[in-house]
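Sequence and predicted structure below; questions after.
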Amino acid sequence: MSIEHVPPAPGWHRSGRTRGPAGFLSRHRARRAQRDYETSVVAFAHALRGEFREACTGLHICHYVQVAAGITVRTPRVGEVRPGPPLRFTVELLPGQEPGDFTAKQNGPRLAHTLGGHGLRVEPLAGRWVRLVVLQHDPLRDGFGLPSLTVPTGAEAVILGRTEDGITLGHAIADPAHLGVQGQNGSGKSAFCYGLLSQLAAAPDVLVTGSDITGLLLGRAWDDTIHRPHQVTGTHDLAAHAVLLEDLVAEMDRRLTAIPPRQDKIEPTAETPTVLAVLEEFPGLLRAADALPKPKRGEGIPVGDRIRTAVVRLLSEGRKAAFRVLMLAQRFEATAVGGGYARDQFALRLSFRVPADSLEMLHGTDARPLGQEHANADPGVAYLSGLGRDCERIRVPYLGDYAEYCDRIATHGRRAES
Ligand SMILES: Nc1ncnc2c1ncn2[C@@H]1O[C@H](COP(=O)(O)OP(=O)(O)OP(=O)(O)O)[C@@H](O)[C@H]1O
């Protein structure tokens, strides 16, 4: 059985006022409707307490207490109940319990299903009290569009996605984290990056630079913007990718030596922007560069090695110089992304649909239980580690088709001041 609260009749308000014409009869009806409503809320709260208690017992979110008559079960006490939607109620944790106990080990969806919802969000309140919010929909299943918005500065958070408990997550590119994104063909990596870059395109203290052998994420869409001269695309001149990355390393070194006294990092400004180095399909770039004829001994360094060295330096030393790397790959295998050391530098990691072993490779053993399920994830559903949160699945926003991305960059992309 699940519980349901029937909302009051249209025109009625909790305050007791109605929207109808004034007069004795309507006041009488309003008072009666209010009484009915209050009675229904009390009955609903009573039913909810019973269901919640049973669910907690079933899931062992309870204490077993030995009394003279045998063993009795104590469950967290329910306080205020608001029928919603969404249904929310406060709960006092038992000694030794944590807010996370309600969502650990699949407890969240199980509790929510008992209470007639889809998922559960836990919001810590004061002391031992928490608020439980029963979500009606599956936030991962419901896509959400990305409005045409941009951030005014890299210090402001761009929208990353929506969690299973319905919270919208953001991330400021000025925060010291490199981003690693993996996913099979068609899993939604590019669409995610279209959304991310379009939100950053106008910020005066962000420069979107990088290498893109496909020429779709960077390149033509950015023509006429201030970012475009700092982007290299295509496979016709692979050495140009190495040159760009080496130039970025030189700029990083210049910044590191110019850090003002008593500071240990560069504060991004319009003159010294956060440099977002996008590496679209990086393993593909390395493969293509490694396939070039090797220079003879003493005649220079192979292009692939130059790219690897530059990227490892950006990853390991770039954070303090306001350099951020956004690397995309179908699979974050150490050899494919410049080594295990390079892979370890990504503080923020997102996996779109990938086989279970790839998921574990990037996110560690914590991700193992979700491996099979995530291997069949819909496009736009990603597994996320980082941001100081537990690993979780999110639905990333969808801006629309590629033409929409081009339009947004053309509209918002920062231009040189004339
Ligand atoms: N967030 C999303 N919400 C809904 N649908 C999405 C989302 N992201 C992607 N899609 C759908 O999935 C399709 C493939 O997405 P996308 O091109 O971004 O995948 P990809 O991982 O970049 O693949 P490839 O490696 O081939 O470029 C899109 O055309 C779109 O229809």
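Cool, got the structure.

Spatially nearest residue to the residue of the chain found nearest the ligand, not counting backbone neighbours?
Nearest to the ligand, among the residues of the chain, is Gly380, at 2.4 Å (Cβ to the nearest ligand atom). Quick note: C-beta positions are derived from backbone N, CA and C, even for glycine. Spatially, and ignoring its direct neighbours in sequence, Gly380 is nearest to Gly188 (4.2 Å; Cβ to Cβ, 6 or more residues apart in numbering).

Which strands border the least confident helix or strand in the chain by mean pLDDT, and is each parallel or antiparallel?
Between all helices and strands in the chain, the lowest mean by mean pLDDT, DSSP states H and E belongs to strand 389-395, at a mean of 80. Within its sheet, strand 389-395 is paired with strand 157-163 (antiparallel), strand 381-386 (antiparallel), according to DSSP bridges.

buried sites along whichever helix or strand comes after that strand?
Remark: after strand 389-395, the chain's next helix or strand is helix 402-412, criterion DSSP states H and E. Residues of helix 402-412 classed as buried: 405-409, 412 (neighbour count, 16 or more other Cβ atoms under 10 Å).

which among the residues you listed gets closest to His60?
Tyr405 (48.4 Å; Cβ to Cβ).

which element is the nearest residue to that closest one once chain neighbours are set aside on?
Distance criterion Cβ to Cβ, 6+ apart; nearest residue to Tyr405, sequence neighbours excluded, is Tyr194 at 4.0 Å. According to DSSP H and E, Tyr194 maps onto helix 189-200.

is it true that the residue nearest to Tyr405 touches Leu399?
Yes: the criterion here is Cβ atoms under 8 Å, and Tyr194 meets it with Leu399 at 5.5 Å.

Overlap in contacts, these two.
The overlap between the contact sets of Tyr194 and Leu399 (Cβ atoms under 8 Å, 6 or more residues apart in numbering) consists of Tyr405.

out of these two, which sits in the busier spot?
Shown here are Tyr194 and Leu399; by other Cβ atoms under 10 Å, Tyr194 has more neighbours (26 against 22).

measure that one to Gly170 for me?
17 Å (Cβ to Cβ, to the nearest Å).

circling back to that earlier point, is it possible to get a markdown table of the strands paired with strand 389-395 that adds distance to Thr225 and mean neighbour count?
Output for these, formatted as a markdown table (distance: least, Cβ to Cβ, whole Å; neighbours: other Cβ atoms under 10 Å):
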| stretch | distance to Thr225 | mean neighbour count |
| --- | --- | --- |
| strand 157-163 | 17 | 21 |
| strand 381-386 | 27 | 23 |
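
The least confident helix or strand of the chain vs the ligand: in contact?
No: judged by Cβ under 6 Å from any ligand atom, strand 389-395 makes no contact with the ligand; its nearest approach is 6.6 Å.

And the contacts of that strand?
139-144, 160-164, 169, 363, 366-367, 370, 374, 377, 380-385.

that older thread, from the buried residues of helix 402-412, which is closest to Asp357?
Tyr405 (31.5 Å).

element containing the closest residue to Ala336 other than its chain neighbours, please.
In space, and not counting its chain neighbours, Ala336 is closest to Pro283: 3.8 Å by Cβ to Cβ, 6+ apart. Taking DSSP H and E as the criterion, Pro283 maps to helix 282-290.

could you dump the helix or strand following that helix to CSV, C-alpha only?
On the C-terminal side of helix 282-290, the closest following helix or strand by DSSP H and E is helix 303-317. In CSV, the C-alpha atoms belonging to helix 303-317 read as follows (Å, rounded to 0.1, in the frame of the first residue of the first chain):
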residue,chain,number,x,y,z
VAL,A,303,54.9,14.9,-32.0
GLY,A,304,53.1,12.4,-29.8
ASP,A,305,55.7,12.7,-27.1
ARG,A,306,55.6,16.5,-27.3
ILE,A,307,51.8,16.4,-26.8
ARG,A,308,52.0,14.0,-23.9
THR,A,309,54.7,16.0,-22.1
ALA,A,310,52.8,19.3,-22.5
VAL,A,311,49.5,17.8,-21.3
VAL,A,312,51.1,16.2,-18.3
ARG,A,313,52.6,19.5,-17.4
LEU,A,314,49.3,21.4,-17.8
LEU,A,315,47.6,18.8,-15.6
SER,A,316,50.2,18.7,-12.9
GLU,A,317,51.1,22.3,-12.6
